[in-house]
Every structure is written in structure tokens, then in C-alpha cells.
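S.K.: here is my input; please provide its structure:
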Amino acid sequence: MLVSGATTALADVILTVNGQKVEKSVTRLTFDGDNVKVAYGDNSTSHHDMAEVAFSFSSSSGISAVSSFGAIAVSVGNQLEVAGVAPGCTLQVFDVRGRLVAQETAVADECTVDISHLEGGVYILKAGKEIVKFVKR
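M.R.: Next comes the predicted model:
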């Protein structure tokens, strides 16, 4: 899914670094704090600060897509307040190891995801085709 140990390409991942689309086939994404390591189909890798990197997904499995990266507003506490999503959109929260730790379906363009059970740290929110990194303190 978001972080994969698979040896095949993550065909639906579109990677942009510093505003430039990366044309290589992505096979694995791993996260370590505020850093992301990207493995490619040609066996090369790259390391980036998360602030330099944007991921999106080329397919949304029939779920209405969020309009653009950065269009999602996120407020974090024990509740993850998300705005700018389409009703019916599945919101998934992943830890830096790629494990799904919370999930909710938006019933309106604003949604709340309970993250009170999560420890402080860096997490990834996937909403439709878009992802946003956030920190729970």
C-alpha cells in the first residue's frame, strides 16, 4: 500500500520531488521521521526530506478524488480534523512503517478521525488519491 516491501512497481504512485515529477517506477516507500527513502525499479534509491516530496495516486478506486495536494486542511490533536475531502472518501492513517493505524469514511467535506490511541510521532494521511504528512504531539 503506502509503504511496500513488494518487488513489483507501485503502479499507482506518482512521485514529485521539489515540484518535478519523477519518471522512474517506484517499488518501495519507507519513512523514517521526516525523511523518505524511495526505491525504484532500476534498483536505485533516493533519500529526501518529507517537505520536498509529494505523493499522489493515479487511481482512486472509484472514490471521488481530492482536488489537489495541499487542498486538504488538517488539524491534529486527539482528533484528526480533516477538511476539503469528498463525501464517501476513505481516510486512512499510516504510521511511518506503513501500517494502517486508523481509518474513517468521510460523510461530508469535513471529517474527524479518532487518533487518541496513537502515540506522538509522524503519520501519513491518505485521502482518496492525496497524502498529507502530519505530526501528533
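
S.K.: next helix or strand past the lowest-mean-pLDDT helix or strand in the chain?
M.R.: Every helix and strand in the chain was compared by mean pLDDT, DSSP states H and E; the lowest is strand 73-75, with a mean of 62. Moving toward the C-terminus from strand 73-75, the next helix or strand (DSSP states H and E) is strand 79-83.

S.K.: could you say what helices and strands that next one packs with?
M.R.: Applying 3 or more C-beta pairs under 8 Å, 6 or more residues apart in numbering; DSSP states H and E, one finds that strand 79-83 contacts strand 73-75, strand 90-95, strand 110-114, strand 121-127. Backbone N, C-alpha and C define where each C-beta goes, glycine included.

S.K.: just put these in TSV and tack on mean neighbour count and distance to Thr27.
M.R.: Output for the helices and strands packed on strand 79-83, formatted as TSV (neighbours: other C-beta atoms under 10 Å; distance: least, C-beta to C-beta, whole Å):
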stretch	mean neighbour count	distance to Thr27
strand 73-75	13	28
strand 90-95	19	18
strand 110-114	15	29
strand 121-127	20	18
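
S.K.: distance to Val36 for the ones you listed - can I get that in TSV?
M.R.: Formatted as TSV, those follow (distance: least, C-beta to C-beta, whole Å):
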stretch	distance to Val36
strand 73-75	18
strand 90-95	12
strand 110-114	22
strand 121-127	10
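
S.K.: farthest from the middle of the chain: give me that residue.
M.R.: Asp42 (23.3 Å; C-alpha atoms, centre = their mean).

S.K.: list the contacts for it?
M.R.: Lys24, Ser25 (C-beta atoms under 8 Å, 6 or more residues apart in numbering).

S.K.: against Glu52, how distant is it?
M.R.: Asp42 is 21 Å from Glu52, where distance means C-beta to C-beta, to the nearest Å.

S.K.: and what of Asp34?
M.R.: In terms of C-beta to C-beta, Asp34 sits 10 Å off from Glu52.

S.K.: got any residues that touch both of those two?
M.R.: Common neighbours of Asp34 and Glu52 (C-beta under 8 Å, 6+ apart) do not exist.
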